[in-house]
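Asks: fold the following for me, if possible:
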Amino acid sequence: MSEDDKTEDLSGYSMLELFRMEVTTQLAAFSRHLLAMEHAAPNSADWEALLRALHSIKGAARMVQAGAVVRIVHGLEEFLLAAQRGEVALDARAIDLLLVQGDAIQHIVGHDEQQILAWEQTHETELAQLQEQLERLLQRGDAGPVAGDGVSVVPEGEIGKRVAESELRIHTSRLDRILGLASGVLVESHRFRSHLDRLGQMKQLHFALVAELDRLRQCAATARLDEAARGHLQRLERLAADCRQQFADLLAELEAFDRRSVTLNEQLHQEVLSSRMRPFADLVAGLPRLVRDLGRQLGKEVRLEMQGTETLVERDVLERIDVSLKHLIQNAIDHGIEPPDVRRAMGKPPWGTLRLEVSQGAGMLFLLVADDGAGVDLAALGERLVQQGLCSPEELLRLDEMALLDYLFVPGFSSRDEATHYSGRGIGLDVVRETIESLRGSIHAATDPGQGTRFQILLPLSVSVLRALQVRIAGEPYAFPLADIHRLLRVPARVLCRPDGGNVDSIEVDGEPARLCHACSAFGRPLPRHFDDELVVLVIGRQPPYTALVVEQVLGEQELALSSLEPLLGELAGISAAALLEDGSVTLVVDCDRLGQLIAEGFERGEIPAFMPCRQDGPARPRVLVADESMTARVLQKNLLEAQGYEVILVADGAHARRALEAQTFDLLVCDEDLPEMGGRELLGWLRTREATTHLPVILLRDSDPGGESRVAVDEAAVWHMDKTDFDAQGFITTVAGALQQGVRHGERHDRPQ
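Replies: Numbering: from 1, shown residues only. Below you'll find the predicted structure:
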């Protein structure tokens, strides 16, 4: 299919919904070109765009029998064709009327189907007034040609021949489901790597088998074997050689498949994510009209300049900042730009200029809303703050310009004495900041007195995809949004040790004090008994006061597709969302603003202790690895074990259990016999081949115990069997204690840094 033959997926839309979408799109184009023609001589492309938009609306209205819309559009076409011929002037008065007629069309199509069809009969008076206004304008005939020399009139029959590239319209719920499936496919493609790792290990075992066969052949060379035995040995060597070659070929093919699969699935995932993006122009299509109308109501002439509106931004971000952006524009026109006579007296042009600049970088969206008005009188602003009791005269002296302007965003603050329809009510900019910060963004103001004011906004391009830093806290992965991280520090533990042995409750970061605590304390998890010589400190917060968290390990940066938390889980303190990692496990996404607030409140109530890195509270707690596919079983075992003072790490399958055992030291393994990825008995066999885990105690859980006993020690293998069908909590604790005691006898327990 060629680019020109693209079709739209319109399944699920009613004719009325399609009609509304058509009218809204075409009216936006109509208003945009009409406002552009107000400040510049129109050319043939402008005329054609206007008439083409009206022609499309009229054709769609006829299809659904919306007679009122057809009548209004017909009058607009007649006027524009007359204006194109130079018979009437397309001045500000005419543009006002044309825009009002467009508003009437938008109002009509906003009703249900029956009201739209009946509008012509039930609102004949209003329709007649709209047509009469256009007819009076047509009859004025007091203007010369508006089009430039050589501009040809576009015949009505030629309008609409050129069709713009069609869009793909699809319900957002369906797109979200597609994104979920694409994310799942990507995760599964990464999980395939674990199978390749296991094949690689089998390859090593096969090499060891071949080496043993070689040694057997060498021994047989000096021994007296009959012909039959020698024949068996030779066939065994050939089979081993064939198996080795086929194994190597298969592994190479699977590795190539894995690379192609991961690449294709990552591309699919990115394409689906991109389909959620819309050009910023979609959000600001109505801004020129808003600026023009508000300026005229306030007796001001304002021109809007926009740059970079082709930047792609996620749909949800655009929808959530719509009201905030319009409020900033309204605020600039009302507060900033002066009336024409005042501007002339200051040597400025009579019209004010508003600039909206849009750009992106490093996954972030940068917005600049600037005006060339009077700017903010900083002295008057300071006096106002003191009058309203927001700061004392002494505090005012210590504020720099940025800190002073930040008070514009304080709830309830207004620089106006009298309230108007547009300002002075003490609401507005505080809501703007709240909205932007809810999107993990920031906003700051700057001003040049007499020259204008600027609002600089930083936002993520997407709220469903997050670039985050993965860290380990209490053995579990947590994701911190990169935009909320101020610093990542590695601090020697001795630097945080006070001579008197007391707790350290803050450190200095960039000249500012940052509240310090261990991340385990922040999330209500037990503190480790020992600490490494070098501590990893994560400093969070977009501005002072910062919060410094000691974390166990940095796992690296990753782009995460976010998922909302299930309502059944309730509100998790300091957590905003969840996400799937590449290996299929789940990570929690931290709400850094909320976490910092909770830590500050915890410090004040004495619920969160300050950090003491030099304490030695006795030997390290026993570390238990629990591997069980059932989340309920994992959590139950974890709660029972932690209540006994054990440190517990949880995994959901055998592959993750193996990786944990390779990377860390444990005193006991509790695992389900029927683990996915790598069964409990297979995991046990692997354990006994490693010198480090030869005597590691293991409690193997299974659904039934054919021997009829709930737990049985098996010879000297340090393995206990327990029945999950009738789980006995006290028996489980007793078995754990006994298994740990046997581990001590075999010398498995030892002190180690946490």
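Asks: Glu508: what secondary structure?
Replies: Secondary structure of Glu508, reduced to three states by DSSP: H, G, I helix; E, B strand; the rest coil: strand.
Asks: same question but for Arg440, I mixed them up
Replies: When classified by three-state DSSP, Arg440 comes out as coil.
Asks: and it, how many neighbours?
Replies: Using other C-beta atoms under 10 Å, Arg440 has 21 neighbouring residues. Placement of C-beta: from N, CA and C, glycine included.
Asks: return the residues in contact with the nearest residue to it once chain neighbours are set aside.
Replies: Nearest in space to Arg440, with sequence neighbours left out and distances taken as C-beta to C-beta, 6 or more residues apart in numbering, is Ala483 at 5.3 Å. By C-beta atoms under 8 Å, 6 or more residues apart in numbering, the residues touching Ala483 are Met364, Arg440, Gly441, Leu458, Pro460, Arg467, Arg542.
Asks: what about Glu77, which SS state?
Replies: Look at Glu77: counting by three-state DSSP, its state is helix.
Asks: OK, contacts around it?
Replies: Leu51, Leu54, His55, Lys58, Glu156.
Asks: sort out which of the residues you listed are buried, if you could.
Replies: Leu51, Leu54, His55, Lys58 (16 or more other C-beta atoms under 10 Å).
Asks: tabulate the contacts of Ala483 (a markdown table), appending distance to Pro609, pLDDT and secondary structure.
Replies: Listed next are these as a markdown table, based on distance: C-beta to C-beta, whole Å; pLDDT from 0 to 100; DSSP: H, G, I helix; E, B strand; the rest coil:
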| residue | distance to Pro609 | pLDDT | secondary structure |
| --- | --- | --- | --- |
| Met364 | 36 | 84 | strand |
| Arg440 | 29 | 81 | coil |
| Gly441 | 33 | 85 | coil |
| Leu458 | 35 | 91 | strand |
| Pro460 | 34 | 85 | strand |
| Arg467 | 32 | 82 | strand |
| Arg542 | 26 | 81 | coil |
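Asks: and the residues you listed, which is closest to Leu196?
Replies: Of all these, Leu196 sits closest to Arg467, with 27.4 Å by C-beta to C-beta.
Asks: picking that back up, filter the buried ones among the contacts of Glu77 down to just the ones in helices.
Replies: The helices, defined by DSSP state H, take in Leu51, Leu54, His55, Lys58 from the buried ones among the contacts of Glu77.
Asks: hmm, back to that, just flag the most distant two among the contacts of Ala483.
Replies: So, the contacts of Ala483 by C-beta to C-beta: farthest apart are Arg467 and Arg542, at 15.1 Å.
Asks: where along the stretch 651-754 of the chain do the strands fall?
Replies: Here the stretch 651-754 of the chain has its strands, by DSSP state E, counting those that start in this stretch, at 668-672, 698-702, 713-714, 719-723.
Asks: pLDDT score for His171?
Replies: We have a pLDDT of 61 for His171.
Asks: what's the closest non-adjacent residue to the residue nearest to the spatial centre of the chain?
Replies: The chain has Val463 as the residue nearest its centroid, 3.0 Å off, counting by C-alpha atoms, centre = their mean. Using C-beta to C-beta, 6+ apart and skipping residues adjacent in sequence, the residue nearest Val463 is Asp316, 5.2 Å away.
Asks: next, the contact list for the closest residue to Glu237 other than its chain neighbours, please.
Replies: In this structure, Glu237 finds its nearest non-sequential neighbour in Leu213, 5.8 Å apart by C-beta to C-beta, 6+ apart. Listed by C-beta under 8 Å, 6+ apart, the contact partners of Leu213 are Leu236, Glu237, Ala240.
Asks: only whichever of the residues you listed are buried, select them in ChimeraX.
Replies: Buried members of the contacts of Leu213, defined by 16+ other C-beta under 10 Å, are picked up in ChimeraX with:
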select :240
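Asks: filter the contacts of Leu213 down to the ones in helices?
Replies: The helices, defined by DSSP H, take in Leu236, Glu237, Ala240 from the contacts of Leu213.
Asks: got these as a markdown table, with pLDDT and distance to His335 columns?
Replies: Shown next, in a markdown table, are the ones in helices among the contacts of Leu213 (pLDDT from 0 to 100; distance: C-beta to C-beta, whole Å):
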| residue | pLDDT | distance to His335 |
| --- | --- | --- |
| Leu236 | 81 | 90 |
| Glu237 | 80 | 90 |
| Ala240 | 80 | 85 |
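Asks: closest to Met21 out of these?
Replies: Ala240 (68.2 Å).
Asks: what's the domain layout of this structure?
Replies: 11-149, 172-276, 279-460, 465-605, 623-745 (automatic domain parsing).
Asks: the strand or helix carrying Gln637 packs against which elements?
Replies: Using DSSP states H and E, Gln637 maps to helix 631-643. Where contact means 3 or more C-beta pairs under 8 Å, 6 or more residues apart in numbering; DSSP states H and E, helix 631-643 is packed against strand 623-627, strand 647-651, helix 729-745.
Asks: who's in contact with the second one?
Replies: Applying C-beta under 8 Å, 6+ apart, the set of residues contacting strand 647-651 from outside is 475-476, 526, 528, 620-628, 634, 637-638, 641-642, 657, 660, 664, 666, 754.
Asks: residue boundaries of the helices in the stretch 401-550 of the chain?
Replies: Remark: helices assigned in the stretch 401-550 of the chain by DSSP state H, counting those that start in this stretch are 401-405, 429-438, 519-522.
Asks: what distance separates the last one from the centre of its chain?
Replies: In terms of C-alpha atoms, centre = their mean, to the nearest Å, the centre of helix 519-522 is set 24 Å apart from its chain centre.
Asks: which secondary structure elements does that helix sit against?
Replies: Looks like helix 519-522 contacts strand 465-473, strand 546-551, helix 592-605 (3+ C-beta pairs under 8 Å, 6+ apart).
Asks: and these: which comes nearest Asp672?
Replies: Smallest distance to Asp672 across these (C-beta to C-beta): 23.5 Å, for strand 465-473.
Asks: the inter-axis angle of that closest one versus strand 546-551?
Replies: Strand 465-473 and strand 546-551 meet at an angle of 60 degrees, taking axes from the mean of the first three to the mean of the last three C-alpha atoms, to 10 degrees as the criterion.
Asks: any idea how far strand 465-473 is from the chain center?
Replies: Centroid separation between strand 465-473 and its chain, computed with C-alpha atoms, centre = their mean, is 12 Å.
Asks: adjacent strands (with direction) for that strand?
Replies: Applying DSSP bridges, strand 465-473 is found paired with strand 476-481 (antiparallel), strand 553-563 (antiparallel).
Asks: give me the pLDDT value at Leu10.
Replies: pLDDT, Leu10: 48.
Asks: now the one 10 residues further on
Replies: pLDDT recorded at Arg20 is 81.
Asks: that one is in what secondary structure piece?
Replies: In this assignment (DSSP H and E), Arg20 forms part of helix 15-39.
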